[in-house]
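Peer 1: have a look at this fold, sequence not included:
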């Protein structure tokens with residue numbers, strides 16, 4: 001099912017419709033500020049496992065998740081004063097931050113080091129969904145084969161993944177560029193992947 005939502009001013013009625021699907025353990029495809037993603041409620045273990053199956057991703061390789069705000073990030077991860085200052089200056093944005101996770105985060109979302117990848121995306125649809133749901137949503141790119149080109153348009157996602165997910169949101173084209181990944185676990189910032197987000201802002 002393809003559902004068109006205004007990317008600038010997401011319609012509350014449609015956001016509620018999508019959130020109902022997520023709350024029922026559904027898996028969706030949705031636009032972010034970097035790529036079209038696949039997501040679900042991080043607290044629905046069945047849905048998280050289903051995302052791993054769709055992606056053909058081993059369960060020991062956790063996905064990141066998206067929060068609505070830096071305040072919400074602090075409910076799920078330990079943030080040092082330095083990390084907080086850096087994140088506050090650069091969020092929302094095209095960054096994934098690796099942080100020590102709190103016990104509230106489901107084990108299936110954690111690395112062996114008990115860390116989690118966190119995003120606060122610069123995308124109104126994402127932020128509206130997370131705020132309405134009341135907790136983070138899983139985030140992984142809508143790419144099944146690492147050798148294939150990321151898809152730009154929702155109708156392409158629908159053709160490719162429509163029979164594997166419960167809903168595809170059309171929020172306009174997203175020209176793919178992966179997020180920059182930074183570890184804020186230690187005392188210094190470590191760049192794990194340089195992507196769309198400007199990493200020079202952290203140094």
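Peer 2: Perfect, I can see it now. The shown structure was predicted, so the numbers you read here are calculated from the model rather than taken from an experiment.
Peer 1: show me what stretch 52-64 is in contact with.
Peer 2: Counting contacts by CB atoms under 8 Å, 6 or more residues apart in numbering, the residues outside stretch 52-64 that touch it are 27, 38, 48-49, 51, 96, 108-112, 116-119, 138-140, 144, 161, 164-165. (Glycine included, C-beta is placed from N, CA and C.)
Peer 1: in helices, which of those residues fall?
Peer 2: With DSSP state H as the criterion, helices contain 48, 49, 51, 161 from among the contacts of stretch 52-64.
Peer 1: okay, the third one: pLDDT?
Peer 2: Spelled out, that is residue 51. Taken from the predicted model, the pLDDT recorded for residue 51 is 97.
Peer 1: one more: the last one?
Peer 2: With respect to pLDDT, residue 161 has a value of 95.
Peer 1: right, and it touches residue 142 too?
Peer 2: Yes. Distance between residue 161 and residue 142: 6.2 Å, which falls inside the contact criterion (CB atoms under 8 Å).
Peer 1: overlap in contacts of these two?
Peer 2: Between them, residue 161 and residue 142 share these contacting residues under CB under 8 Å, 6+ apart: 29, 38.
Peer 1: more neighbours, those two?
Peer 2: When residue 161 is set against residue 142 and neighbours are counted by other CB atoms under 10 Å, the residue ahead is residue 142, at 26 against 19.
Peer 1: excluding sequence neighbours, find me the nearest residue to that one.
Peer 2: residue 36 (4.4 Å; CB to CB, 6 or more residues apart in numbering).
Peer 1: show me the beta-bridge partners of that neighbour.
Peer 2: Residue 36 forms beta bridges with residue 31, as assigned by DSSP bridges.
Peer 1: what does the one 5 residues further on give?
Peer 2: When bridges are called by DSSP bridges, residue 41 pairs up with residue 137.
Peer 1: thought it was touching residue 135?
Peer 2: Yes. When contacts are counted by CB under 8 Å, residue 41 is listed as touching residue 135 (6.9 Å).
Peer 1: how about the helices in the chain?
Peer 2: Listed in chain order, the helices of the chain (DSSP H) span residues 12-23, 45-55, 70-76, 81-90, 124-133, 154-161.
Peer 1: by how many degrees do the last one and helix 45-55 diverge?
Peer 2: Between the direction of helix 154-161 and that of helix 45-55, the angle (axes from the mean of the first three to the mean of the last three CA atoms, to 10 degrees) works out to 90 degrees.
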